[in-house]
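Asks: okay, here's the prediction I keep looking at, along with the sequence it came from:
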Amino acid sequence: MSTSLIYHAFGLRGYDYVRQDFIAGNIILKVQPQDDLIRCPCCRSRNIIRHGFAERWVQTVPIGFKPVWLVIPVQRVGCRNCGVVRLIDIQIAEPRRWYTRAFERYALALAKKMTIQDVADLLGVGWDTIKSIFKRYLFRRFSKPKLGKLRYIAIDEISVRKGQKYLTLVMDLESGAVVFVGEGRSRETLIPFWERLRKTRAKIAAVATDMNAGYISAIMESLPESAIVFDRFHVVKLMNEKITQIRRQLFRELTSPLERKAVKGTRWILLKNPENLDETRDEKERLDEALRLNKPLATAYYLKEDLRQLWSQPDKATAEKVIADWIARAEASDIRPLQVMARTLASHRFGILAYYDHPISSGPIEGTNNKIKTLKRQAYGYRDTELFKLRIMGIHEAKYALAG
């Protein structure tokens with residue numbers, strides 16, 4: 001092995017090769033710093049006095065599956081200019097770290113493609129070592145995203161643990177990046193985000209969110225000039241819950257075996273869009289039979305379908321007439337879940353109709369929530385909440401591929 005080889009293979013600039021040893025499956029390379037590296041670590045002066053050296057071992061990138069260690073005599077110097085007495089800066093490794101910067105870059109590249117445990121096993125190091133390398137990288141890249149150019153954002157929560165453990169996410173809808181992760185789902189959760197946003201003087205045009213009262217009050221207080229757009233996905237989901245509630249209530253009240261048989265097992269058929277019904281399983285015929293025998297269920301179903309059309313109107317004025325008509329019909333139905341839904345839409349009408357001024361939704365953040373669930377399953381959960389948050393903030397750069 002030569003000095004030229006250790007430079008090209010391991011990036012060791014300013015070192016001379018001395019010798020190599022093989023101990024217990026490890027490759028040991030002894031190298032010597034060249035005179036240009038032996039200078040004051042503070043003022044970089046070469047006007048120094050040598051005071052002996054301390055031998056330092058650092059791990060670098062492996063050769064195949066063999067760990068490679070560099071043994072470096074680190075010179076202690078006294079500076080005649082600034083008066084300090086310290087060990088020289090070896091440049092290839094951070095102070096107090098037992099691995100080189102090249103090893104850190106190598107481990108980081110692997111960690112972007114593999115789990116932390118897989119990288120640790122491959123390199124023969126501890127899980128905590130790879131985690132700390134990856135966490136430092138994520139912190140540098142994503143801990144303080146720039147907020148000055150935000151215009152459209154979405155706010156949503158995700159359940160991360162049983163027992164009502166939630167995280168609140170804020171996403172930049174134009175870039176797809178998560179710019180804030182907070183613990184909980186109350187209005188107080190968003191306070192750190194509002195404080196950072198206020199300093200940037202960003203002009204937020206609209207916020208897409210669900211009908212969470214805490215989020216609504218927080219947005220109104222902190223962004224009084226911004227429009228609130230209630231996501232259609234959450235509105236339709238709430239209506240689907242009312243359909244399920246009505247179906248269950250009807251099933252309990254029905255006495256005729258024929259009617260009970262028609263309603264039983266129709267939950268998912270009722271929630272499906274008509275164009276998605278499976279003809280091979282006679283889903284359309286089963287739906288028609290259930291609606292023919294149960295007038296309240298038919299009323300709720302057709303109102304559900306009419307609600308879907310609310311976001312397909314030619315303009316906001318037409319949409320206002322459609323939602324007013326829908327609320328009136330639901331109120332007149334004498335079906336309590338529909339009347340509750342009507343009052344909900346009436347009190348949130350402003351945010352539903354705001355879609356026609358700002359056609360945004362929290363669909364992208366829902367897609368990110370699915371990625372987060374995949375991330376959590378791959379890691380079998382996260383003990384380090386800060387690492388989990390950082391990974392979420394970098395998830396827009398993650399790539400998922402099918403294996404096989």
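Replies: Perfect, thanks for sending it. Since the model is a prediction, treat every value here as computed from it, not as a measurement.

Asks: mind listing what's buried along the helix or strand hosting residue 139?
Replies: Element membership for residue 139 (DSSP states H and E) is helix 127-142. Buried residues in helix 127-142, counted by 16 or more other CB atoms under 10 Å: 129, 130, 131, 132, 133, 134, 135, 137, 138, 142. All C-beta spots, glycine's among them, are computed from the backbone N, C-alpha and C.

Asks: quick one, what contacts the first one?
Replies: So the one you mean is residue 129. 99, 107, 120 (CB atoms under 8 Å, 6 or more residues apart in numbering).

Asks: how about residue 158?
Replies: Contacts of residue 158 (CB under 8 Å, 6+ apart): 166, 167, 169, 369, 372, 373.

Asks: what are the buried residues along stretch 88-101?
Replies: Judged by neighbour count using 16+ other CB under 10 Å, the buried positions of stretch 88-101 are 88, 89, 90, 92, 93, 99, 100.

Asks: shaky segments in the chain?
Replies: For the chain, the stretches with pLDDT under 70 are 1, 161-164, 251-256, 258-293, 377-383, 397-404.

Asks: how far off centre is the top helix by length along it?
Replies: Criterion DSSP state H: the longest helix present in the chain is helix 232-253. Its chain's average C-alpha position is 30 Å from that of helix 232-253, according to CA atoms, centre = their mean, to the nearest Å.

Asks: next: stretch 171-179.
Replies: Put simply, stretch 171-179 sits 10 Å off its chain's centre (CA atoms, centre = their mean).

Asks: and for stretch 190-210?
Replies: Its chain's average C-alpha position is 18 Å from that of stretch 190-210, according to CA atoms, centre = their mean.

Asks: and for stretch 317-329?
Replies: Distance, centroid of stretch 317-329 to centroid of chain: 37 Å (CA atoms, centre = their mean).

Asks: could you export that stretch as PDB, CA atoms only?
Replies: Output of stretch 317-329 as PDB, limited to C-alpha atoms (Å, rounded to 0.1, in the frame of the first residue of the first chain):
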ATOM      1  CA  ALA A 317     -72.400  31.500  -6.100                       C
ATOM      2  CA  THR A 318     -73.800  28.200  -7.500                       C
ATOM      3  CA  ALA A 319     -72.100  26.300  -4.700                       C
ATOM      4  CA  GLU A 320     -73.700  28.600  -2.100                       C
ATOM      5  CA  LYS A 321     -77.200  27.700  -3.500                       C
ATOM      6  CA  VAL A 322     -76.300  24.000  -3.600                       C
ATOM      7  CA  ILE A 323     -75.100  23.900   0.000                       C
ATOM      8  CA  ALA A 324     -78.100  25.900   1.200                       C
ATOM      9  CA  ASP A 325     -80.500  23.500  -0.500                       C
ATOM     10  CA  TRP A 326     -78.600  20.500   0.900                       C
ATOM     11  CA  ILE A 327     -78.800  21.900   4.500                       C
ATOM     12  CA  ALA A 328     -82.600  22.600   4.100                       C
ATOM     13  CA  ARG A 329     -83.300  19.000   2.800                       C
END
